[in-house]
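Colleague: Mind looking at a prediction? Sequence and model below.
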Amino acid sequence: ASDIKGIKNKKLPAGRALGTGEIYALVAACENDPSPAGARDAALIACMYPAGLRRDEVAGLDLGDYDPETGSLTVRHGKGNKERVAKVEGGGRRALADWLAIRGAEPGALFWPINKGGALTPRRMTNQAVYNTLAKRAQQAKVAHLSPHDLRRTFVTDFIAETGDIHSAKTLAGHESITTTDRY
């Protein structure tokens, strides 16, 4: 019996892909909030879902990393310190335009913290603040618990379902290995 090698288990990754209705509910929760946080959070979701960004990547974005003419986001602080370009289209670009109208053109972090009184603080949001923001919006939208990575998982899953192109999904997600993309 000692000559028989152990069998490795393959566990599915934690998290889930969100349904279209859940994405709409998250955005609606932001749109129903007339405070600056509503606009910021809609823009945050608009970057995370359609561009497949990790929470540390979205927190690391600077104003100069976004090109409103093309909808391009230059991710300079990706996992493994890799850079890539992601795209935000249609409604995501409108959400970013709404946020930038509030945020202003001051150089620095793209997403700023906002206190309970609605005052913006011109500094970078933390990874934990991104997590807490999404948890708050999920609760308001009555969406089952989600993590920021679930938006990324949804992006990859939806992209592969629409195109059938796992190799492009790997590149867009910034994965090192196609095996990682395949697990989504």
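Modeller: Noted; the coordinates are in hand. Numbers count the residues shown, from 1 in each chain.
Colleague: Could you report the separation of the residue nearest the centre of the chain from residue 134?
Modeller: When the chain is reduced to its mean C-alpha position, the closest residue under C-alpha atoms, centre = their mean turns out to be residue 48, at 1.6 Å. Per C-beta to C-beta, to the nearest Å, residue 48 is found 8 Å from residue 134. (Each C-beta comes from the backbone N, C-alpha and C, glycine too.)
Colleague: okay, and the common contacts of those two?
Modeller: When C-beta atoms under 8 Å, 6 or more residues apart in numbering defines a contact, the residues bordering residue 48 and residue 134 alike are 148, 151.
Colleague: Any regions of this structure where pLDDT drops low?
Modeller: For the chain, applying pLDDT under 70 flags the ranges 1-14, 78, 80, 175.
Colleague: Go again with 80.
Modeller: 1-15, 77-82, 158-159, 165, 167-184 (pLDDT under 80).
Colleague: which SS class is the residue lying closest to residue 66 once chain neighbours are set aside?
Modeller: Sequence neighbours aside, residue 73 is the residue nearest to residue 66 in space, at 5.5 Å (criterion: C-beta to C-beta, 6 or more residues apart in numbering). For residue 73, the assignment made with DSSP: H, G, I helix; E, B strand; the rest coil gives strand.
Colleague: Can you get me a residue count around residue 73?
Modeller: Neighbour count for residue 73, taken as other C-beta atoms under 10 Å: 24.
Colleague: can you check residue 106 too?
Modeller: 10.
Colleague: ok, and the closest non-adjacent residue to it?
Modeller: That would be residue 122: by C-beta to C-beta, 6+ apart, it lies 5.9 Å from residue 106.
Colleague: Could you verify that that neighbour is part of a strand?
Modeller: No. The assignment for residue 122, made by three-state DSSP, is coil rather than a strand.
Colleague: shouldn't residue 126 be in contact with residue 58?
Modeller: No. Here residue 126 does not reach residue 58: they are 11.3 Å apart, not a contact under C-beta atoms under 8 Å.
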